[in-house]
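In: Quick check, what structure comes out for this input:
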Amino acid sequence: DDVLYPHQTVRETLDMAARLRLRGSLTENERVAFVDGVIAQLGLTKAADTPIGDDRVRGVSGGERKRTNLGVELIGDPSIIF
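Out: This next block holds a predicted model:
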């Protein structure tokens, strides 16, 4: 099971991850541009402002949820991706 908040949008989820993992290394404008770039790279542009959702709240599709989860991990700029 993933650890995404169902009431946050895809953009809010990725922005929160960026705020926590990139604290102090980017200005606000750079962070927003970075998050928008991750959204575009993962093909989440249409779903960016859609809530994640869960079994009670309708939200993004299963594939979009998985890509959002991947985006949260990519925000940390890992040195190895399998």
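In: Once you drop chain neighbours, what's closest to residue 56?
Out: Leaving aside its chain neighbours, residue 56 sits nearest to residue 6 (7.8 Å; criterion: CB to CB, 6 or more residues apart in numbering). Just so you know, the C-beta spots here come from the backbone N, C-alpha and C atoms, and that holds for glycine as well.
In: Run through the residues that contact the one you found.
Out: Residue 6 sits next to 51, 52, 53, 54, 56, 57, 59 when contact means CB atoms under 8 Å, 6 or more residues apart in numbering.
In: and if we set it to 6 Å?
Out: Taking CB atoms under 6 Å, 6 or more residues apart in numbering as the contact definition, residue 6 lies against 52, 53, 54, 57.
In: Turn the residues you listed into TSV, columns for neighbour count, distance to residue 21 and pLDDT.
Out: Formatted as TSV, the contacts of residue 6 follow (neighbours: other CB atoms under 10 Å; distance: CB to CB, whole Å; pLDDT from 0 to 100):
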residue	neighbour count	distance to residue 21	pLDDT
52	22	18	96
53	17	23	94
54	15	24	90
57	10	26	87
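In: Of those, just say which sits nearest to residue 64.
Out: residue 52 (8.7 Å; CB to CB).
In: Contact partners for the closest one?
Out: Going by CB under 6 Å, 6+ apart, the list of residues near residue 52 reads 4, 6, 8, 59, 60.
In: now do 7 Å
Out: For residue 52, the residues meeting the contact criterion (CB atoms under 7 Å, 6 or more residues apart in numbering) are 4, 5, 6, 8, 10, 13, 59, 60, 65, 68.
In: Helices - which of those residues land there?
Out: Secondary structure assignment by DSSP state H places 10, 13, 65, 68 of the contacts of residue 52 in helices.
In: Farthest pair within these?
Out: 13 and 65 (9.9 Å).
In: list residues touching both of these two?
Out: In the contact map built from CB under 7 Å, 6+ apart, the residues linked to both residue 13 and residue 65 are 4, 52.
In: Can you pick out the residue with more neighbours from these two?
Out: Summary of the neighbour comparison: residue 13 and residue 65, criterion other CB atoms under 10 Å, with residue 13 having more neighbours (23 against 20).
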